[in-house]
Every structure is written in structure tokens, then in C-alpha cells.
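Colleague: coordinates for the following, if possible.
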Amino acid sequence: MASSTHPQVDLVPGTEIMDADGRAKKALIPVPSNDPRDPLNWSKKWKLMVMASQWLFTWISVTGALSIAPMFPLLGQEFHLNNSQLAFLTGITVITLGVAGFVIVPLSNIFGRRAVSLTFAVLIMLTCIWQAMATSHRSLLVARALNGVVCATSETIPVQMIADVFFLYERGAWTGVYFTGYFLGAFLGPVMSGSIAAHHGWQSFFWLEAGLSAFAIVMIFFTFPETKYHRENTKSYIGATSPESNQSQAGIVEYSSGQNSAEKQDSQIANHQTGSETALPPLGRGRPSRAQFMPFRKPDPRWKMFVVRDTWTPVKVFFNPIILWAGLMLAGPADVVLFFNITESVIFAAPPYLFSPQHVGYTNFAFVIGALLGLATAGPFSDWVAARATRKNNGIREPEMRLPALWFFMFITILSAILGGIGYQRHWGWGHIVVWGYGFAGFSVTTVPTISITYAIDCYKPISGEIMVVATVFKNFIAFSYSYWIFDLAHTSKNGWITPAMAIFGCTVGPALFAFPLYYGLGKKIRTWTRNSDVHRMEQVI
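Modeller: Residues are numbered from 1 along each chain as shown. Purely as a prediction, here's the structure:
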């Protein structure tokens, strides 16, 4: 768009000027090198291959880590466990999933994504074998804790890989694809575990997971080359919407990386220069080299910097109100799902339902159907809401324009917690609980977090990985606490299951109310206050 069209626009990070056809001008950030081995230059085939590899690895990891709830009656009978002890078998895995991310992120930056994925895939297989062979509660509990540690790659490596392979403007969509694999693992896993345990014993499910993990090792070895690549960034290219269209243009707009964030964005409107003198990278025509398929690589000599940066940055951005809010918005719906997950066996295996582990597992199909409906609607609906607001704003798009799309999805989340809790306490027909509680929870967990996390990434694109680390820590720490108090609160309260459901309702809806001040001006004020933060330059240090 010509600079004269919006001469007074203050382009703080996140604000975009749309083209005449309704699309935002895209910046090729990170800046691709001229090396065909650079993952940013890989062909679509190779990019899809590494994405598919990590997607399936994530699904396998999450399936084993978060799918034991339908087996609670069998585990309780064998090891003489009460409901709180059974819930803790999930809680211990959830907490170690959250904490281990702080270690895995610097490890993958030092040794590479491929080496860490291969190593941890082997460890996942070993912990699955340990769980299958456990003969005591203590042994199973330790195995579950270690399984959470090694499965934490499912919450870190895929996000880093997306940052390695895709440009900033592509990451929102691929992060949504990653969420799909993660939650489908969490939802379909209990269906598998319940059916297998009912027919072949609970150990058989972990033997299956050991076999799937062995398959993951082979898959990663042959289909996941190293995606971490160090490049010297000196310029950024503005205006390309895809590698193909980029190469067909006579020139590319560029700006110097020596400018600060505000100057860079102002230059997109005012002082455009053509990039005819700059050699275009081989976008879409590269491929990984043989060296990138080596199992291990030399540690990055900048390892001290990575240790400090990767452990400090999530702590620093934790206090940013936008990122803090996005983390809570992921935690809320995800932990509504966990509430139903850890209580499903207690409710449906008891009178008046008397479900077998297999039939308890089948109730998780409601999560799957709800999640798929959410995935089909959240993106298009939020895009439509943002596009409509952009047209009214003369082609200027603000990240906050997505937020009104949350209202409908939060209403569904509210109904899920309320109807599920009341249905539990009053012994509604199982169909009502499964549809209105479980189905609505699955719908909300793929809609509310998608919009909220996308909003935070729109505001702070270079730290998409750190945003996910913060959000994951929130989700897992809150979920871990549930395993301690949900059953005690339900059994001691005169309102029974309604009380913990309302507590979770408050933890979910409370943060959602902060979306109103964010939308009505506070969001842009926060982005303005942090426009010169060094987080906007972190893409230059890979």
C-alpha cells in the first residue's frame, strides 16, 4: 500500500496495513540466507515432511502421557489406590511436563532439535516399558513422572521447529496444526487405553505405546533432519506473501536490521527501497544436506548464552500482561478438559452408570468431535471478525480486532463447566454430560486458546516459542493442583461436584474478563510501551 494512503499511522509491533485485496504485507522474518540448506529455503515437500514428523511424534507422546484415566478402576483395584492417588498419576505427569520445558529448550538450542528428539524418543520408549512392567504404586508413579519429563518434547520441540522452518507470518497457522495433534493425542488416547485395558489389561496399553515410540524413533531418524540453522541476518524483505510470488517480483522491499523496531515498521510506509541489488535467497528450492541428517552434531559454542537466554526470557515475558493473559486463557479451557478427564472413571464406573473401562474411554469421542468442530470454526470466524473490523478501520489491522471472536467461544466454555458440574452432581443421563460437558469442553479447548495465543503471537511474533513455554507452564501447574483438591472438595462440599466445577469456572472466566480492557485500548497501550523491547530482535539470535 502506498505510503501516502496512511501517512499518520503509528505502526507499533502488531499493527499492520492491509493491501487492496485485504491481505497484510508480509515480511520475510527471519531473513533467509542464500544457502539452500537453510530450513527457511526448503521446498514445501521438506517443510511438510518435518511438520508431519513432529506432529505424529507429538501425538504419540501425548497419547501415552495423558490417557490413563479410563484405566483408573483397574489400577485402583491392583494397587489399592483411592481417587486422589489415582488422579495424582496424571498430576505428576502434568507437572513434570511443564517443568522439563525449561531444560529441553536450551538443550535443543545447544545440541539441535534432531539429536534431542531422537534421544528423548528412546527415553519415552523406555519409560513406557517401565510403566508396563511396574509392579507397585511407587514404581508406576516414578515411571509416570519420568515419562512426563521426556514427553515434554511435545510441548517445546514442535514450536521451535515451526520457528526454524516457517516465516513469522506463517507460524500462526502451523501452531494451530500443532495444537490439533496435541489435543487429538489427549482425546483419542483415552479411547484407546480404555478399550485395550478392558480386553487385554492395563499393561497392554503401555506396551502399545512402547511400540509406537519405537516407530517414532525410526520415523524421526529418516524424516526429521536438523532444523536449527545459524544465519547472519543483515536485511529483511518486506512485501512477499509466499516464496513463489517473491521470486516472481522484480524487487523486494528491504530495511536494515540496525534500525529499532519502530523505525523498521515506519520504513515500510515511508522510505521504501527496492531490493534489486540484493541477491534473492533460493526460497522454496532448498533441501536438507546429508550433514543435517547426522544423528548428532557438535554443541553450539554459544551454549552459555542459550542457557541464560532460554531460562531467563520466559521468566521476563511472564510479567508482560498480554502474555500472562494468553497463558491463562490456554490454561482455563485445557484444565476444564482435565477436570472431566480425571473424573470420568470415578463418575461413569460408579452407579447409576456402571461403565466398563472401554465405555469410559468411548466418552472421550465427545472431546474429539468438539475439538474438530472448534478447529473448523475458530480460525475462519476470528479472521472474519478481524477483517470486518479492519475494513471499518480504513485498512489498519490491530491484533486486538480478533478478541471479540472470543465472546461466543467463552460462552460455550461457561456452559461446559456449569452443565458438566451439575450433571455430575444430579446424575443426569450420560448423554447430557458427555455432549454438554465433554463435547463443549473439547470445542472450547481448540477455540479459546487458538485465538488468545494467536493474539499474543501477533503482538510479539519473535518470541512465539517463549509464549508457548509460559502458557504451558500455566496450564500444567494449574492442572497439577487439580489432582490434589478436586476430589476432596467434591466429597466435603454440601454441593458436591458443583463446587469444584464452579471453582474451575472462576479460574477460567476470570482471566477472560481481561479481554475487555485489552480490546478497548489497553492492549495497544501495552504494545506501545514495549515497542523497543529486545524481544522484537530475538529472531536475529538463533
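
Colleague: pLDDT weak spots in the protein?
Modeller: Within the chain, the stretches with pLDDT under 70 are 1-9, 18-27, 29, 168, 172, 232-281, 538-542.

Colleague: for it, longest helix please?
Modeller: helix 168-200 (DSSP state H).

Colleague: mind checking the SS state of the residue nearest to residue 201 when sequence neighbours are not counted?
Modeller: Nearest residue to residue 201 in three dimensions, chain neighbours excluded: residue 74, at 7.5 Å (CB to CB, 6 or more residues apart in numbering). Every C-beta, even on glycine, is put in place using the N, C-alpha and C of the backbone. Under DSSP: H, G, I helix; E, B strand; the rest coil, residue 74 falls in the helix class.

Colleague: could you check how far residue 74 is from residue 343?
Modeller: 17 Å (CB to CB, to the nearest Å).

Colleague: quick check: buried residues in stretch 484-501?
Modeller: 486, 487, 489, 490, 496, 497, 498, 499, 500, 501 (16 or more other CB atoms under 10 Å).

Colleague: give me the residues contacting it.
Modeller: The contact list for stretch 484-501, computed with CB atoms under 8 Å, 6 or more residues apart in numbering, reads 83-84, 87-88, 91, 339, 342-343, 346, 417-418, 420-422, 424-425, 503.

Colleague: could you redo the last one with a cut-off of 7 Å?
Modeller: Contacts of stretch 484-501 with the rest of the structure, by CB atoms under 7 Å, 6 or more residues apart in numbering, involve 83-84, 87, 339, 342-343, 417-418, 420-422, 424-425, 503.

Colleague: and the end-to-end length of it?
Modeller: Taking CA to CA, to the nearest Å, stretch 484-501 runs 14 Å from one end to the other.

Colleague: which element is residue 316 on?
Modeller: Using DSSP states H and E, residue 316 sits in helix 303-318.

Colleague: what residue lies at the spatial centre of this structure?
Modeller: With distances taken as CA atoms, centre = their mean, residue 179 lies nearest the centre of the chain, 5.0 Å away.

Colleague: got the contact list for that residue?
Modeller: 446, 450.

Colleague: redo that, cut-off 10 Å
Modeller: Contact analysis of residue 179 by CB atoms under 10 Å, 6 or more residues apart in numbering lists 58, 158, 330, 371, 374-375, 378, 445-446, 449-450, 453, 468.

Colleague: which parts of the helix holding residue 316 are buried?
Modeller: Buried-residue list, helix 303-318, by 16+ other CB under 10 Å: 306, 307, 309, 310, 313, 314, 316, 317.

Colleague: dump stretch 61-71 to CSV, restricted to CA.
Modeller: Taking Å, rounded to 0.1, in the frame of the first residue of the first chain, the C-alpha atoms of stretch 61-71 are listed here in CSV:
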residue,chain,number,x,y,z
SER,A,61,4.0,-38.7,23.2
VAL,A,62,0.8,-37.1,24.4
THR,A,63,-1.3,-40.3,23.9
GLY,A,64,1.0,-42.2,26.3
ALA,A,65,1.3,-39.4,28.8
LEU,A,66,-2.3,-38.2,29.3
SER,A,67,-4.5,-41.3,28.6
ILE,A,68,-4.6,-43.4,31.8
ALA,A,69,-7.9,-42.0,33.2
PRO,A,70,-10.1,-44.8,31.8
MET,A,71,-7.8,-47.4,33.4
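
Colleague: you'd agree residue 456 is up against residue 403?
Modeller: No. Shown here, residue 456 and residue 403 do not form a contact pair, counting by CB atoms under 10 Å, at 11.2 Å.

Colleague: excluding covalently adjacent residues, which one is nearest to residue 374?
Modeller: Using CB to CB, 6+ apart, the closest residue to residue 374 is residue 446 (3.6 Å).

Colleague: more neighbours, residue 456 and residue 403?
Modeller: Applying other CB atoms under 10 Å to residue 456 and residue 403 shows that residue 456 carries more neighbours, namely 27 against 22.

Colleague: which of the contacts of residue 179 fall in helices?
Modeller: Using DSSP H, the contacts of residue 179 in helices are 58, 158, 330, 371, 374, 375, 378, 445, 449, 450, 453, 468.

Colleague: please give me every residue in contact with residue 184.
Modeller: So residue 184 contacts 55, 58, 59, 62, 63, 367, 368, 371, 372, 375, 446 (CB under 10 Å, 6+ apart).

Colleague: which stretches of the stretch 351-500 of the chain form helices?
Modeller: Using DSSP state H, counting those that start in this stretch, the helices found in the stretch 351-500 of the chain span residues 357-362, 365-392, 406-426, 430-432, 440-445, 448-459, 464-492, 498-512.
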